[in-house]
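J.: Sequence and predicted structure, then a few things I'm wondering about:
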Amino acid sequence: MRKYGLIGFPLGHSFSKKYFTEKFLVQHVSECSYDNYPIKSLDGLTKLIESDQELAGLNVTIPYKTEIIRLLNKIDPEAEEIGAVNVVKITWSSGLFMLSGYNSDATGIRDTLSPYITDNVRNALILGTGGSSRAVNYVLGKFGLNVKLVSRERKPGILAYSDITRSILENTHLIVNTTPLGMFPNVEGSPEIDYSGLNGNQILFDLVYNPEITTFLRKGAEKGCNVISGIKMLYSQAEKSWDIWNDDSFV
């Protein structure tokens, strides 16, 4: 049996568990399982892995995408540049394990946004500064966009929500929400930007996927903006995780 799973805390509705369980059934992948492993601290990760030598890979979610790097034996150059890991490959030898870290968020973000990035898309706002935000910032940088980060508190190089003027919004072409605001069950939540400042020329991309159309996206659509759900990104990054776990070229 090869076992995979998701670590984070708390773990509510899990796309990953549902996705991989269905994948195993539909594609007749035998001797595999996927479970949720809610751990309150990464201090419990070693114990979790040592308790089951059939564990072959983990997805990593909030709040451990950055913190887990200190526990890795190896990190992929792209994940290192991003500064966040959401896929861990576990390899065993003589009862000892090695952890290799990767970032499949970047793959999902690239696959999702590529059709929308034209010469007219130049300026972007990223709402949130966590592990997912790092991946978005990395990808948008590779696209050549001018990026501004937004957080609840103003910091060097980071805007506060109160800093986002109508003029900034009008001159922004892509706004990406990387925060959990609007996620089920708190579906009425949304980032605190002035949605009346949207003029229909913006693209809104939400990494939240449950619900598929969040309050953030709904408010953008009401202003005529092009909106993108996080669903496509999740499918893409999930398949990248599977490749990492099962392709020997990822070591």
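T.: Looks like it came in fine.
J.: now residue 227, nearest residue through space, not along the chain?
T.: residue 217 (4.2 Å; Cβ to Cβ, 6 or more residues apart in numbering). Heads up, the C-betas are built off the backbone N, CA and C, glycines and all.
J.: got it, and residue 133?
T.: residue 178 (4.2 Å).
J.: Pull the number of nearby residues for the one you found.
T.: As a burial measure, residue 178 scores 27 neighbours (other Cβ atoms under 10 Å).
J.: Which phi and psi values does residue 173 adopt?
T.: Torsion angles at residue 173 (phi, psi; degrees, to the nearest 10) stand at phi -100, psi -20.
J.: what's the neighbour count on it?
T.: 18.
J.: okay, it: pLDDT?
T.: We have a pLDDT of 98 for residue 173.
J.: same question, residue 160
T.: At residue 160, pLDDT is 98.
J.: Look up which residues are beta-bridged to it.
T.: residue 151 (DSSP bridges).
J.: Can you point out the buried residues in stretch 27-36?
T.: 32, 34 (16 or more other Cβ atoms under 10 Å).
J.: cool, and stretch 52-65?
T.: 55, 56, 57, 58, 59, 60, 61, 64, 65.
J.: Nearest spatial neighbour of the fourth one, chain-adjacent residues omitted?
T.: Take residue 58 and drop its neighbours on the chain: the residue closest to it by Cβ to Cβ, 6+ apart is residue 88, 4.5 Å away.
J.: can you give me the strands in the protein?
T.: Assigned strands in the chain, in chain order: 2-8, 32-38, 55-60, 74-75, 87-93, 96-102, 123-127, 146-151, 158-160, 174-177, 203-206, 226-228 (criterion: DSSP state E).
J.: who's in contact with the last one?
T.: What that stands for is strand 226-228. By Cβ atoms under 8 Å, 6 or more residues apart in numbering, the list of residues contacting strand 226-228 from outside reads 112, 113, 116, 202, 203, 204, 205, 206, 213, 217, 220, 221.
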